[in-house]
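> Whatever this is, show me its structure:
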Amino acid sequence: MSANISDDEEPKMSRLLKLAQKFNCFYLNGLAKGECRPFVIDGQQVGLISQNVMEQLFRYPEVFCIKDAEQGKQNIVELNPAFRDYTERSEQVDRVLKEFRSQGLFVALKGWRNECYEVRGFTGSLMKMERSATSLFGVRNYGVTINGYIQHPSKGLCIWLQQRADTKQTWPGKWDNMVSGGLSVGYGIHETAVKEAAEEASVPERLLKNLISAGCVSCFFESERGLFPNTEFVFDLELPEDFVPENSDGEVQDFELLSANECLERLYSPEFKTTSCPVVVDFMIRHGIITPENEKNFTQVVELLHVPLQSLYTYRSPPQTNGLTNSNGFKNGRI
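Below is the predicted model of the structure:
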């Protein structure tokens with residue numbers, strides 16, 4: 001089965017490639033501007049920080065400092081190296097974030113969740129951070145998504161989508177994958193998939209035995225909330241025709257079963273969550289719906305489903321720096 005993927009009026013770019021460029025807007029446009037600085041913990045780059053966030057961090061020199069980088073490299077924002085362990089780093093940053101929240105400085109913090117993500121470096125997890133704040137620091141986010149689908153006797157491949165509740169802090173009311181959730185502190189990948197499947201769609205344990213790991217996709221998106229370098233671990237779940245998902249955690253207000261062609265059209269609509277599009281596109285490619293024969297920008301689209309986030313965050317501080325230091329052990333610097 002294949003879908004008729006039509007192009008719009010611009011002859012050199014399909015609708016699908018335009019969509020892929022949209023969910024990778026920072027990767028394609030923001031990085032080249034060079035306006036963000038590496039965020040470094042324990043000598044390892046863990047994020048990117050924009051100018052408007054740096055201006056606020058400069059108010060907390062006991063926690064953050066702008067440091068001169070090696071010759072020919074960009075200056076960095078470094079977490080105080082005196083914070084030696086996971087707990088101390090997490091507590092110090094959380095204190096600053098709570099002050100930002102109370103002051104109403106960033107729209108991202110209006111979605112405060114009291115849920116933390118791991119902040120990872122080359123050597124593993126270095127600290128944890130409130131989920132809503134990770135976009136301010138350009139911290140890589142990891143999530144899990146389940147493609148729930150059926151093989152319909154007359155419509156062929158059909159895909160279940162959810163409509164996010166209007167009360168969600170982010171993307172309220174938008175259409176999304178059947179099941180998805182962030183990889184929170186304390187949960188593994190498969191464990192998260194099973195947990196979210198039960199909470200969001202009431203998938204019984206007997207059906208989850210059919211859950212198949214299908215790799216991952218990645219993109220680098222930017223919005224008014226900040227930077228979103230996202231990696232999603234993807235699972236496929238073939239469901240029986242008589243299964244109808246039901247939400248149990250209040251985060252979903254509707255489900256709909258769409259044919260492959262209908263699902264593609266939904267992706268192009270502004271009613272679909274932009275950062276969830278890569279998972280659906282990847283599913284369509286793997287199941288032969290999107291092919292080199294019906295998508296002229298096929299190779300470009302495939303590349304934009306696997307943005308090399310791991311290799312983008314490669315800055316490492318030298319073991320020692322020269323120059324004057326302030327009372328906190330930081331090299332003096334200004335924005």
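> Contacts only, for Ser125.
Taking Cβ atoms under 8 Å, 6 or more residues apart in numbering as the criterion, Ser125 is in contact with Tyr86, Glu118, Val119. Where C-beta positions appear, they are placed from N, C-alpha and C, glycine not excepted.
> where does this structure dip in pLDDT?
Residue ranges of the chain with pLDDT under 70: 1-11, 68-74, 318-335.
> can you give me the helices for it?
For the chain, applying DSSP state H gives helices covering 15-22, 25, 31-33, 51-57, 86-103, 189-201, 205-208, 260-268, 277-286, 298-303, 309-312.
> Give me the buried positions along stretch 165-184.
Using 16 or more other Cβ atoms under 10 Å as the test for burial, stretch 165-184 gives 168, 170, 174-184.
> Tally up the residues packed near Phe106, please.
For Phe106, the neighbour count with other Cβ atoms under 10 Å is 20.
> Of the buried residues of stretch 165-184, just say which sits nearest to Tyr268.
Of all the buried residues of stretch 165-184, Trp175 has the smallest distance to Tyr268: 11.5 Å, by Cβ to Cβ.
> and the gap between that closest one and Thr231?
Taking Cβ to Cβ, to the nearest Å as the measure, Trp175 falls 21 Å from Thr231.
> do Lys22 as well
From Lys22 over to Thr231 the distance is 18 Å, taken as Cβ to Cβ.
> now swap in Arg15 and tell me
Remark: distance between Arg15 and Thr231 (Cβ to Cβ) = 25 Å.
> ditto for Ile189
11 Å.
> Looking at the two, which is more packed in?
Per other Cβ under 10 Å, whichever of Ile189 and Thr231 has more neighbours is Thr231, with 19 against 14.
> quick one, what contacts the more buried one?
Thr231 is in contact with Arg140, Asn141, Tyr142, Gly143, Cys216, Val217, Ser218, Leu309, counting by Cβ under 8 Å, 6+ apart.
> For the buried ones among these, write the corresponding ChimeraX selection.
Selecting only the buried entries of these in ChimeraX, with 16+ other Cβ under 10 Å as the criterion:
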select :140,141,142,143,216,217,218,309
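> out of the contacts of Thr231, who's nearest Asn247?
Nearest to Asn247 among the contacts of Thr231: Gly143, at 18.0 Å, using Cβ to Cβ.
> hey, what's the closest one bridged with?
Under DSSP bridges, the beta-bridge partners of Gly143 are Gly182, Glu232.
> measure it to Asp85 for me?
Using Cβ to Cβ, Gly143 is found at 27 Å from Asp85.
> Repeat that for His152.
Separation of His152 from Asp85 (Cβ to Cβ) stands at 54 Å.
> again with Gln162
39 Å.
> Those two: which has the busier surroundings?
More crowded of Gln162 and Asp85, by other Cβ under 10 Å: Gln162, with 25 against 10.
> what sits against that one?
Residues near Gln162 by Cβ under 8 Å, 6+ apart: Trp175, Asp176, Asn177, Met178, Val179, Glu200, Ala201, Pro245, Asn247, Val252, Asp254, Phe255.
> what's the closest non-adjacent residue to it?
Using Cβ to Cβ, 6 or more residues apart in numbering and skipping the chain neighbours, the partner closest in space to Gln162 is Val252 (4.7 Å).
> so the one you found makes contact with Gln163?
Yes - with contact defined as Cβ atoms under 8 Å, Val252 counts as touching Gln163 (6.7 Å).
> Contact partners for the residue most central in space within the chain?
Nearest residue to the geometric centre of the chain (Cα atoms, centre = their mean): Asn230, 2.6 Å. Each residue near Asn230 by Cβ under 8 Å, 6+ apart is listed here: Arg140, Asn141, Tyr142, Gly143, Ser218, Cys219, Phe220, Phe221, Thr275.
> Look up the closest residue to the third one, ignoring the ones flanking it.
Counting by Cβ to Cβ, 6+ apart, Tyr142 lies nearest to Leu183, which is 4.1 Å off, once chain neighbours are set aside.
> mind checking the backbone torsions on the one you found?
Here is the backbone geometry of Leu183 (degrees, to the nearest 10): phi -90, psi 100.
> hey, what's Ile66 bridged with?
Ile66 has these beta-bridge partners by DSSP bridges: Val77.
> burial of it, as a residue count?
Counted with other Cβ under 10 Å, residues neighbouring Ile66 total 21.
> Could you measure from it over to Gly43?
Using Cβ to Cβ, one obtains 16 Å as the distance from Ile66 to Gly43.
> again with Thr134
Distance, Thr134 to Gly43, using Cβ to Cβ: 20 Å.
> higher neighbour count, these two?
Per other Cβ under 10 Å, whichever of Thr134 and Gly43 has more neighbours is Thr134, with 24 against 15.
> How about the more buried one, nearest residue that isn't a chain neighbour?
Tyr117 (5.4 Å).
> Strands of the stretch 151-300 of the chain, residue ranges please.
156-164, 175-177, 179-182, 212-223, 226-238, 252-259 (DSSP state E, counting those that start in this stretch).
> Now these in a markdown table, please, with extra columns for distance to Gln103.
What follows is the strands of the stretch 151-300 of the chain, written out as a markdown table (distance: least, Cβ to Cβ, whole Å):
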| stretch | distance to Gln103 |
| --- | --- |
| strand 156-164 | 28 |
| strand 175-177 | 31 |
| strand 179-182 | 25 |
| strand 212-223 | 21 |
| strand 226-238 | 17 |
| strand 252-259 | 32 |
